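Undergrad: Provided below are the primary sequence and the corresponding predicted coordinates.
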Amino acid sequence: MSTFYFIAFLSIFFSLLVIFAKNPVHSVLYLILTFFTFTIHYVLLNAQFLAVVNFIVYMGAIMVLFLFVMMLLNLNKDAEPGKHYLVKLAGVIAGGCLLVTLVGTLKLTAKSDPVILQNANLGLVKNLGKVLFNEFLLPFEISSVLLLSAMVGAVLLAKKEQRATV
Amino acid sequence: MELLDIGIKFILIVVIFLISLVVAMYSTYAERKVAAFFQDRVGPNRAGPWGILQPLADGGKMFMKEEIIPTRASGLLFIVGPSLAIMTACIGSAVIPWGQSLQFGSRTVDLQVTDINVGILYIFGVVSLGVYGIMIGGWASNNKYSLLGAIRAASQNISYEVSMGLSIIALIMVSGSLSLKDIAAQQHGFWANGYFTWNFFKQPLGFIIFIVCAFAETNRSPFDLPECETELVGGYHTEYSSMKLGFYLFAEYINMFISSAVMATLYFGGYNYPFMDSVAASVGPNAAVILGVVLMFAKVFGFIFFFMWVRWTIPRFRYDQLMNLGWRTLIPLAIFNIVLTGLFMTFFK
Amino acid sequence: MEPLSNKRKVLDFKPLTLLERSYLPEIAKGLSITMKHFFKKPVTISYPEQKREFSENFRGQHSLKRDEEGKERCTACGLCALSCPAEAITMTAAERQPGEENLYREEKYAAVYEINMLRCIFCGLCEEACPKEAIYLDGDIVPTDFLRKDFIYGKDKLVEPPLNQ
C-alpha cells in the first residue's frame, strides 16, 4: 500500500509541475513522467495490458507528437500574446466548474463500495481479450468505428487544405 | 531459498547487461573491421593483435575528451538526453529468452531475466521510449540542426513503429501469445509435423517488414537520416562531445544488438536449433541448453553482421522516400499480411 | 536545334515495374557485390612495416654527400640557398683549418647547414644548382614531429655517415 501512496504522490507532484512549469516543453516532459506513474499504477492493479498500452500509446506515441509540436512552436515568453481579461474570467469559471465536478465525484466515491473484481486476473491479455470480444463486443466495435471516423475526418481535413492551395 | 533466487536473477541481470555492453563495444570494432573488408582495406589493426583493443582505446579517448556544454543549452535536459538513450537501449534485453532453463540438481535456472506475458509489447514500449533520448537531446542542444535531426528521428520512429506493430500482429496471430518465452518455445527444433517450426517460414513477408522497420527504428543506414551529415552536420548529437556523444553512439549499437536478439527470437527460433532433441539425448540437457545459447548468439551476431553489410551497401534514402516507404508501402503490406494470415488460419487449420 | 555532336542520346524513363519498385532485387544485387569484395585481398600497405616502392625520380629527405675519400663535398657556396624557391636553406661558411683536410674537400666548408623541412617543397632545385654534386634528395620521407624547431634539420641529420662506418 505504501508503494501506492508513493506513486500517487509522484503522480500528483508531476501533474502539478505540468501546470507550473514555465517552459511548455518542460511541462510536456513532466506530463510524460505523469503518464509513467500511471503506468506503474496499472501494474500495481495487475492490469498488465493496460499498463503496456498506456506506455506505448500515451508515452510512446501521443506525447512524442505533443513534444514534436511544442518543439516546433518555439513558444517564448515575449511571443505570447497578452490574454484579455474576459478570457481569464472564462478560464476561472471553467476551472471552478471542473473543481466542483471533481469534488462532487470524490464525495460520491467515498460513499460507494470499493469495486471488487470477480476475476483478479482480468487485466491479463488473455482474459481482457475474451471479455472484450465476448461480453463487450458491440461497444468495442462501435468505439473502433468511432476512431475510424475520426481518422477519416482528419485525412479529409488535411486533404481539403491541400486542394485549396493547388 | 528466496535470497538465492534473487541472487541468481541479479547475477543473470549483471551478466546480460555486461554482455550487451561488451557486444556493443565490439560492434563498433566489428563495424570498422567489416567496413574495411567490404572496401578492400584491413581496418583497425594497431591496438593489440588485429586491433582487438581498439574499442578500449576508443572508450578511453571518449572519456578523456573535453566536455563541452553550450551555454544556451538547457543544462539538465542536455544530460538527460544521452542518459535516457542508453538506458532505454539497455532495458530492452530484460524479456529476451537467451536459452532454455538450466538444471542444477533440483534447481531450475531460467536464462531470461523476466517472463512477462506482454513481452513483445514491453519491447515496443521501450523502443518507443528510445526516441525521447534523441528528442530531448536534440531540443536541449539549442541548435537548429540538432532540433531538425531530433524531429526527423522522432517522425521516423513513429512512422515505422506502426508497421512494425502491424507486422508483429500477424506473428502473434500465428503464435497465440505475447510472451517471448512462449514464442521461442513454440519454435522448438527445426522441423515438426511436416513443416518448419521457425516463424520465418510461417511469416516471410512479416519478417521482411519487421527487418526494414528494425533498420528504421535503430536509425541505421539506409535510414540514418537523423544524423545525415550532408544536410544536418551531425544531426541530433551535433553539440555533444566526450562521453555524452559516446553514449548516443553506444546506444545505437546496443539497440542494434537488442533488435537483432528480438528478430532472432521472434523469427529465427531463438535458442532452438535443428535436431536439438537428439543432441540433448546424447550430450545431456545442460550442454544442449548451452549450445542453444551459443547458437542464439550466433544468430544475433549474424543479424548484426547483416546490419553492417546493408550499411556499407545501400545508399541513404531521401526523407520523402523514407516516409513514402513507411506509410504507403509497409503499412498496407503489413495489413495485407495480417489478412493473409487470418485467411490462411481460417481455411487451412 | 541541331545537335553539336552525334553523342546525344535520348533517354526514355519507363515507370518502374512492381518488382523494381520493391527495391529487393537491386538490394540483393548490391549485397552480393559487396560480399564479393568482402573476400578480396585488401590492397592496403601497412606503412611503417611495409613500404611502397618509390619511383626512380622520387625526392625525399636531403643528404649532404661525401666524396670517395669520405670528405664532405659541400663548399658553402650558397647556390642551393639562392636557388631554393621556399627559402628553406641557410648556411654559415667557415675556413678549413690545417689538419682538417681529411674532413672537408675544399678550403671552405659549411660550418652550419640547416634546412627547414616545413618550408621545403622538395622541388629538387638545390640538387640541380649544386656545382659540387654535394646535395641530393635521395632520402626517405621526412618523419613527423611535434615541435616546429625539430623540423629544422642541421648537419647532424643531413650529412651522410662516414665511409668507414
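TA: Received it, and whenever you're ready, just let me know what you need. Numbering: from 1, shown residues only, chains lettered A, B, ... in the order given.
Undergrad: For the stretch 101-250 of chain B, which residues are neighbours of chain C?
TA: Selection of the stretch 101-250 of chain B residues close to chain C by C-beta under 8 Å from any C-beta of the partner chain yields B:Ile208. (C-beta placed from N, C-alpha, C; glycine too.)
Undergrad: So which residues of the stretch 101-250 of chain B form strands?
TA: For the stretch 101-250 of chain B, the strands defined by DSSP state E, counting those that start in this stretch cover B:107-111, B:191-192, B:195-196.
Undergrad: Output the ones you listed in TSV; the columns should cover mean neighbour count and distance to chain A.
TA: Formatted as TSV, the strands of the stretch 101-250 of chain B follow (neighbours: other C-beta atoms under 10 Å in any protein chain shown; distance: least, C-beta to the nearest C-beta, whole Å):
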stretch	mean neighbour count	distance to chain A
strand B:107-111	15	19
strand B:191-192	12	24
strand B:195-196	12	26
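Undergrad: contacting residues around stretch B:93-113?
TA: Residues outside stretch B:93-113 that contact it (C-beta atoms under 8 Å, 6 or more residues apart in numbering or on different chains): B:8-9, B:12-13, B:16-17, B:20, B:114-116, B:119, B:122-123, B:180-181, B:184, B:257-258, B:261-262, B:265, B:270-271, B:285-286, B:289-290, B:292-293, B:296.
Undergrad: What helices and strands are in contact with the longest helix belonging to chain A?
TA: Across chain A, the longest stretch assigned as helix under DSSP state H is helix A:137-165. Packing partners of helix A:137-165 (3 or more C-beta pairs under 8 Å, 6 or more residues apart in numbering or on different chains; DSSP states H and E): none among the helices and strands.
Undergrad: can you pull the buried residues of stretch C:123-139?
TA: By neighbour count with 16 or more other C-beta atoms under 10 Å in any protein chain shown, stretch C:123-139 contains the buried residues C:Leu125, C:Cys126, C:Glu127, C:Ala129, C:Cys130, C:Lys132, C:Ala134, C:Ile135, C:Tyr136, C:Leu137.
Undergrad: Could you measure from the residue in chain B that chain A sits nearest to over to B:Asp115?
TA: Going by C-beta to the nearest C-beta, chain A is nearest to B:Ser128 of chain B, at 2.7 Å. Using C-beta to C-beta, to the nearest Å, one gets 21 Å for the distance from B:Ser128 to B:Asp115.
Undergrad: which stretches of chain A form helices?
TA: Under DSSP H, chain A gives helices at A:2-20, A:24-44, A:48-53, A:63-73, A:85-111, A:125-134, A:137-165.
Undergrad: And chain C, by the same measure?
TA: Going by DSSP H, chain C shows helices at C:18-21, C:24-38, C:79-83, C:125-129, C:155-158.
Undergrad: Check the stretch 151-300 of chain B too.
TA: Here the stretch 151-300 of chain B has its helices, by DSSP state H, counting those that start in this stretch, at B:180-186, B:199-202, B:204-217, B:229-232, B:242-267, B:276-283, B:285-311.
Undergrad: Just the buried residues from the contacts of stretch B:93-113, in PyMOL please.
TA: Applying 16+ other C-beta under 10 Å to the contacts of stretch B:93-113 leaves a buried subset, and the PyMOL line that selects it is:
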select buried, chain B and resi 12+16+20+116+119+122+123+180+181+184+257+258+261+262+265+270+271+289+290+292+293+296
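Undergrad: if I pick the closest residue to A:Ile56 other than its chain neighbours, what's in contact with it?
TA: Excluding its sequence neighbours, the residue lying closest to A:Ile56 (C-beta to C-beta, 6 or more residues apart in numbering or on different chains) is B:Gly125, at 4.8 Å. By C-beta under 8 Å, 6+ apart, the contact list for B:Gly125 reads A:Val52, A:Phe55, A:Ile56, A:Met59, A:Gly60.
Undergrad: Distance check, B:Gly125 against chain C.
TA: 30 Å (C-beta to the nearest C-beta, to the nearest Å).
Undergrad: pLDDT wise, what is residue 116 at?
TA: As the question left the chain open, I've gone with chain A. What the model reports for A:Ile116 is a pLDDT of 57.
Undergrad: To clarify, I was referring to chain C.
TA: 91.
Undergrad: Run a quick neighbour tally on it.
TA: 17 (other C-beta atoms under 10 Å in any protein chain shown).
Undergrad: do the same with A:Pro24
TA: 18.
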